[in-house]
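Participant: Coordinates only, no sequence provided:
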């Protein structure tokens, strides 16, 4: 069912002056109200104009309002490591069907990495869906000694959201991870590496360190066996001690070709492949929050 158009084509950047959808309806990317998957799926659904969007769904979870900001590592943008002879491999947008393979590869090199998880980045669906493989996979990531960090719930450009919108994106991930792991991260990476001063201020108020990169493989541009060498060349050109490397565990060629290449290069350069927290000299207890919480009714 679809009813009239209420907003311009803005991809949830702001609420339109034209109006909002009725209760129970979603606003599609092109500005029409409806209840189909094409209207309600994230990230296209315009959550400011249609409150039934999937990205507005808030399952029952624990409050994360109480925050301890006393940490050893400074807040604001962090783009490189501080510890000598370390390399931090980071992987965005998971969990994904390739994540388990990547864990096996990392284990074979005795390497640790940081996974910036997205709460509901289509097509994999919500990370906390109990009927999916994602909760167990996230637990495996943590049990293997890797660092878990946040990459927002629906992968929006945070600069286009209000303060409330940015907070909602982060808190929904926190609620899901509290249910899966019993704690939530204090490290995050903004989608598209977009986080202006207002965004940085909001992230600090929530207790997050904002992690950028100084070795960007641009692996999402090179999806075939014939193209992935370009990502390897970008890695080679930018490789240095104390680098933070950006790639994605959602990509077949990254997991099965680029990851091994980067691990071999790190070994050749006598670089220790560690988590972002380790490469910043931040004690493990600072990577997560386990503050007392209270239950919020759905």
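Facilitator: Ah, there it is. Since the model is a prediction, treat every value here as computed from it, not as a measurement. Residues are numbered from 1 along each chain as shown.
Participant: Report the beta-bridge partner residues of the nearest residue to residue 151 once chain neighbours are set aside.
Facilitator: Computed as CB to CB, 6 or more residues apart in numbering, the closest residue to residue 151 that is not its neighbour in sequence is residue 116, at 3.9 Å. The C-beta positions use only the backbone N, C-alpha and C, and glycine is treated the same way. Residue 116 forms beta bridges with residue 92, residue 149, as assigned by DSSP bridges.
Participant: Just the pLDDT for residue 116.
Facilitator: Looking at residue 116, its pLDDT is 99.
Participant: same thing with the one 10 residues further on?
Facilitator: On the pLDDT scale, residue 126 is placed at 97.
Participant: go on, residue 158?
Facilitator: In this model, residue 158 is scored at 99, pLDDT.
Participant: one step back: show me what contacts the residue nearest to residue 151?
Facilitator: Applying CB atoms under 8 Å, 6 or more residues apart in numbering to residue 116 gives the contacts 90, 91, 92, 93, 94, 149, 150, 151, 188, 189, 211.
Participant: what do you get if the cut-off is 10 Å, keeping everything else the same?
Facilitator: 90-94, 147-152, 185, 187-191, 211, 246, 248-249, 276 (CB atoms under 10 Å, 6 or more residues apart in numbering).
Participant: Take these and keep only those in helices.
Facilitator: Among the contacts of residue 116, the members falling in helices (DSSP state H) are residue 276.
Participant: residue boundaries of the helices in this structure?
Facilitator: Ranges of helices within the chain are 37-40, 99-108, 134-143, 163-181, 197-205, 228-238, 252-253, 259-268, 276-279, based on DSSP H.
Participant: State the distance from residue 276 to residue 22.
Facilitator: According to CB to CB, to the nearest Å, residue 276 and residue 22 sit 44 Å apart.
Participant: So which of those two has more stuff around it?
Facilitator: residue 276 (26 against 12; other CB atoms under 10 Å).
Participant: correct me, but the more buried one touches residue 210?
Facilitator: No - with contact defined as CB atoms under 10 Å, residue 276 does not reach residue 210; the gap is 11.2 Å.
Participant: What pLDDT is listed against residue 63?
Facilitator: 54.
Participant: One more: residue 30?
Facilitator: pLDDT, residue 30: 71.
Participant: before we move on, what about the one 10 residues further on?
Facilitator: On pLDDT, residue 40 comes in at 70.
Participant: you'd agree it is up against residue 122?
Facilitator: No - Residue 40 is beyond contact range of residue 122, at 11.1 Å (criterion: CB under 10 Å).
Participant: who has more neighbours, those two?
Facilitator: Neighbour tally, residue 40 and residue 122, criterion other CB under 10 Å: the higher count belongs to residue 40, 22 against 14.
Participant: Relative to residue 270, how far out is the more buried one?
Facilitator: For residue 40, the distance to residue 270 equals 51 Å [CB to CB].
Participant: Kindly report the same for residue 209.
Facilitator: Taking CB to CB, one finds residue 209 at 27 Å from residue 270.
Participant: Repeat that for residue 246.
Facilitator: 22 Å.
Participant: Check residue 145 too.
Facilitator: In this structure, residue 145 and residue 270 are 21 Å apart, going by CB to CB.
Participant: Kindly report the same for residue 241.
Facilitator: Residue 241 is 9 Å from residue 270, by CB to CB.
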